[in-house]
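# My questions concern the predicted model and sequence given below.
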Amino acid sequence: MRELYPVRACEYEPNEENNELITVLYLNKNPSFIEKLFFKKQLAKPVKIDLDEIGSYIWLKCDGSKNVNELINEAKEHFGEKIEPAEERTELFVNQLVKNKLAVLYKKKESD
């Protein structure tokens, strides 16, 4: 997983209370039948997910220019002991982003 490149798959904005934090705006594009039936009005509105300081930092770095291993190293350098164990926390966060369809992982092609 560490050689893969995460890329954000939804919009985001600065948090209303703290501009250093990020709020992810997730719009459910594939609602279930039950969601369509009972939650039609809510489906048109994006769900807002507030990220903490570490999540916001990593989120902003998920632009496809750095692989997960590089994100881990940068987060360690930026946060120091605060993020330890950095490998586990960063991988878990990126996995959660992918699982919830907030980001996708790509493998870079070798150029000929």
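Structure's in. What do you need?
# element containing residue 91?
According to DSSP states H and E, residue 91 maps onto helix 86-99.
# what does residue 69 give?
Residue-wise, residue 69 maps onto helix 68-79 under DSSP H and E.
# which residues are contacting that helix?
Contact with helix 68-79 is made by 1-6, 54, 57-58, 61-62, 66, 83-84, 86-87, 89-91, 94, 105, as judged by C-beta atoms under 8 Å, 6 or more residues apart in numbering. Placement of C-beta: from N, CA and C, glycine included.
# For this protein, which segments are assigned as helices?
For the chain, the helices defined by DSSP state H cover 33-38, 40-43, 53-61, 68-79, 86-99.
# closest one to residue 26 among those?
The closest of those to residue 26 is helix 86-99. By C-beta to C-beta, the value is 10.5 Å.
# quick one on the thing from earlier: buried residues in the helix holding residue 69?
Neighbour-count burial for helix 68-79 flags 68, 71-72, 74-76 (criterion: 16 or more other C-beta atoms under 10 Å).
# Point out where the chain drops to low pLDDT.
Applying pLDDT under 70 to the chain flags residues 28-32, 35-37, 40-44, 110-112.
# now with 80?
27-46, 109-112 (pLDDT under 80).
# Now do the residue nearest to residue 83 when sequence neighbours are not counted against residue 93, distance only.
Sequence neighbours aside, residue 75 is the residue nearest to residue 83 in space, at 5.3 Å (criterion: C-beta to C-beta, 6 or more residues apart in numbering). Applying C-beta to C-beta, to the nearest Å, the value for residue 75 to residue 93 is 9 Å.
# same question, residue 101
Applying C-beta to C-beta, the value for residue 101 to residue 93 is 15 Å.
# neighbour count winner among these two?
Neighbour count, other C-beta atoms under 10 Å: between residue 101 and residue 93, residue 93 has more, with 22 against 13.
# how about stretch 94-109: buried residues?
So stretch 94-109, judged by 16+ other C-beta under 10 Å, has buried residues 94, 97-98, 102-103, 105.
# and of these, the nearest to residue 16?
residue 102 (19.3 Å).
# still on that earlier bit, out of the buried residues of stretch 94-109, which is nearest to residue 45?
Of those, the one sitting nearest to residue 45 (C-beta to C-beta) turns out to be residue 102, at 16.5 Å.
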